[in-house]
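S.K.: Here is my input, please return the structure:
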Amino acid sequence: MERSFFCKVTLIGCALFMSCNGQTNDRPVQKIVGGGCDGCELMYIGMPQKINAVDTSPGWNEEGQQLMVTGTVFQQDGRTPAKDVVIYYWHTDNDGYYSPAPGMDERVKRHGHIRGWVKTGPDGKYAIKTIRPAPYPKDMLPAHIHLSVKEPAVANEYYTDEINFEGDTLLVAHFRKYPPENRGGSGVVKVQLKDGRQVAEHNIVLGLNIPYYPKK
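M.R.: Model prediction:
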């Protein structure tokens, strides 16, 4: 009697376990292009309806070293220019802070007031006029510019490697600990001085080293 009852309970338990396992395994796994990004979705807050290929950030006329970043966005082949790609950028001010501006939307204050957008034309080119960001105070992170990309044929935005600056004394130690992923290509740029302003070129290859990127 007891043995029969035990067997029945065991069989019911096994059936339930297998049923639950089956439901779990059958669930589709949602794969987000780029694997997700903390804060990239904030690019849509305050985004203007018309975005140009050249943008002047609020930092351009503030204290600090003026910097112009230019580049070309390419398709997956690394040769064909990609048009209508929106690049959202944000970075620290001359003191290393993401300082908000009066009246900013509360949701984007953590990105600071030096933020903006560019959109590539048929030639895939873009240019950002800003200032060179300062590293975080009392931190070992090198100075950097965050980038988030939204291309027409991909459902969601994704981040590429941050723009870092060749010659930054913090860069080597940081890369030893956190090797770059080269998402979209290398983010390290060579800076040159022209008419008192720093200029750098940063090209992006769409989909390069981006997880779950759709094959074409």
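
S.K.: pLDDT weak spots in this structure?
M.R.: For the chain, the stretches flagged by pLDDT under 70 are 1-30, 216.

S.K.: Taking the centroid of it, which residue is nearest it?
M.R.: Nearest to the mean C-alpha position of the chain, counting by C-alpha atoms, centre = their mean, stands Tyr159 at 2.2 Å.

S.K.: Ramachandran angles for that residue?
M.R.: Per-residue torsions, Tyr159: phi -100, psi 150 (degrees, to the nearest 10).

S.K.: Look up the closest residue to it, ignoring the ones flanking it.
M.R.: Cys37 (4.6 Å; C-beta to C-beta, 6 or more residues apart in numbering). From N, CA and C alone the C-beta is placed, and that goes for glycine too.

S.K.: hang on, the earlier thing: give the contact list for the residue nearest to the centre of the chain.
M.R.: Applying C-beta atoms under 8 Å, 6 or more residues apart in numbering to Tyr159 gives the contacts Gly34, Cys37, Cys40, His146, Leu147, Ser148, Val149, Arg183.

S.K.: burial measure for the residue nearest to Leu42 when sequence neighbours are not counted, as a count.
M.R.: Distance criterion C-beta to C-beta, 6+ apart; nearest residue to Leu42, sequence neighbours excluded, is Val108 at 5.1 Å. By the criterion of other C-beta atoms under 10 Å, Val108 has 19 neighbours.

S.K.: tell me the SS of Val108?
M.R.: The three-state label given to Val108 by DSSP: H, G, I helix; E, B strand; the rest coil is helix.

S.K.: so it touches Ile114, yeah?
M.R.: No - applying C-beta atoms under 8 Å as the test, Val108 and Ile114 come out as separate, 11.5 Å apart.

S.K.: Tell me how far Phe74 lies from Ile131.
M.R.: 27 Å (C-beta to C-beta, to the nearest Å).
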